[in-house]
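Undergrad: Could you work out the structure for the sequence below:
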Amino acid sequence: MNELKLIELAALSGAGILAGFINVVAGGGSLLTLPLMIFFGLPPVVANGTNRIGIIAQNIVAVSNFSRKGVFVFPYSLYAGGVAIVGSILGSMLALEMDDQLFNRILSLVMIATGAAIFFNHKKTALISAVPQVKNQALSLFLFFFIGIYGGFIHVGIGFLMILILSRINQLSLKYANSIKVFVALLFSISSIIVFIVNDAINWKVGFALAIGTAFGGYLGSHFTMKKSEKWIKLILILAIGVMAIKLWFIK
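TA: As a prediction, this is how the structure comes out:
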């Protein structure tokens, strides 16, 4: 396993700030951190496992901030997190068996698809309720099982999918959707990282450098009002996705 230089660790920590911020505000921060670790020489499966350390750090901070502000939906968050945990274990086991080059190309395609979704999503959603609608919980919990599988496998772009479910199906306002999103992501990321730890697929030095950045980014993101800079976030993210997706496709 390649040892990263100090400047590369610093770059990862810096990217972690942006990723943590983006993950909490909308989703998609792993589109920056995961490919960057691969570019710096980490095997894809190790980069995938190590990325969970930063995700856990940012979500601990974000969940704490949302809770202090009273933005929390209980017990629905626990239900969604519970089914996602089961799925994440299956998804993580699948990721460990994946061929490196195939994983890179799947990641590349996911990045392009997510970037296209960000670029073409101009429709405003009618977010009307702070409490999930009871009649829709069964459907959304079913979907959160598959969210867990995807999150355990790669996590990239998972925030967009969770916000889609929480806003369209459960009809949540953005701040409550985000509070559930970070809580669910925290739960299934913990279960997922255990699978990667057991299989020795974690680089702790890189993970802690990343966590320093994502924790700070998560703190900033949980205090940020999304409407102010949404267009700039989308633009930066789309540009980064395009460059990294092309590079990932050609990594052998």
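Undergrad: how long is stretch 196-205 from one end to the other?
TA: End-to-end distance of stretch 196-205: 15 Å, with CA to CA, to the nearest Å as the criterion.
Undergrad: Give me the residues contacting it.
TA: 1, 3-4, 9, 42, 45-46, 48-50, 52-53, 92, 96, 193 (CB atoms under 8 Å, 6 or more residues apart in numbering). C-beta here means a position set from N, CA and C on the backbone, and glycine is covered the same way.
Undergrad: Show me which of these are buried.
TA: By neighbour count, with 16 or more other CB atoms under 10 Å, these hold 4, 9, 42, 45-46, 48-50, 52-53, 92, 96, 193 as buried.
Undergrad: before we move on, the earlier item: which ones among the contacts of stretch 196-205 map onto strands?
TA: Here DSSP state E is the test, and these give no hits in strands at all.
Undergrad: show me where the stretch 51-200 of the chain has helices.
TA: Using DSSP state H, counting those that start in this stretch, the helices of the stretch 51-200 of the chain run over 76-96, 100-120, 137-153, 158-164, 174-198.
Undergrad: And the contacts of stretch 196-205, which is closest to Ala113?
TA: Distance ranking of those against Ala113, using CB to CB, places Asn48 first at 17.9 Å.
Undergrad: show me what contacts the closest one?
TA: Leu34, Ala95, Phe103, Ile154, His155, Phe196, Ala201.
Undergrad: and these as TSV, adding distance to Leu141 and pLDDT?
TA: What follows is the contacts of Asn48, written out as TSV (distance: CB to CB, whole Å; pLDDT from 0 to 100):
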residue	distance to Leu141	pLDDT
Leu34	27	87
Ala95	23	89
Phe103	29	71
Ile154	22	85
His155	20	82
Phe196	25	96
Ala201	29	94
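Undergrad: so which of those comes closest to Gln171?
TA: Taking the contacts of Asn48 together and measuring to Gln171 by CB to CB, the closest member is His155, at 25.4 Å.
Undergrad: Just give the nearest non-adjacent residue to that closest one, would you?
TA: Of all residues not flanking His155 in the chain, Ser30 sits nearest, at 5.1 Å (CB to CB, 6 or more residues apart in numbering).
Undergrad: And that neighbour, how far from Phe142?
TA: 24 Å (CB to CB, to the nearest Å).
Undergrad: out of those two, which sits in the more crowded spot?
TA: Ser30 (28 against 10; other CB atoms under 10 Å).
Undergrad: Could you pull up the residues touching the residue nearest to Ile190 when sequence neighbours are not counted?
TA: Leaving aside its sequence neighbours, Ile190 sits nearest to Ile56 (CB to CB, 6+ apart; 6.3 Å). Neighbouring residues of Ile56 by CB under 8 Å, 6+ apart: Leu186, Ser189, Ile190, Ile193, Ala211.
Undergrad: still on that earlier bit, nearest to Met162, of the contacts of Asn48?
TA: The closest of these, once distances to Met162 are taken by CB to CB, is His155, at 11.1 Å.
Undergrad: measure the closest one to Leu161 for me?
TA: 11 Å.
Undergrad: Now the weakest link among the helices of the stretch 51-200 of the chain, please, by mean pLDDT.
TA: Mean pLDDT values for the helices of the stretch 51-200 of the chain show the minimum at helix 100-120, a mean of 69.
Undergrad: So which of the contacts of Ile56 wins on neighbours?
TA: Ser189 (28 neighbours).
Undergrad: What residues does that one make contact with?
TA: Contacts of Ser189 (CB under 8 Å, 6+ apart): Arg52, Ile55, Ile56, Asn59, Ser88, Gly151, His155.
Undergrad: Phe145 now?
TA: Phe145 neighbours (CB under 8 Å, 6+ apart): Val83, Ala84, Val86, Gly87.
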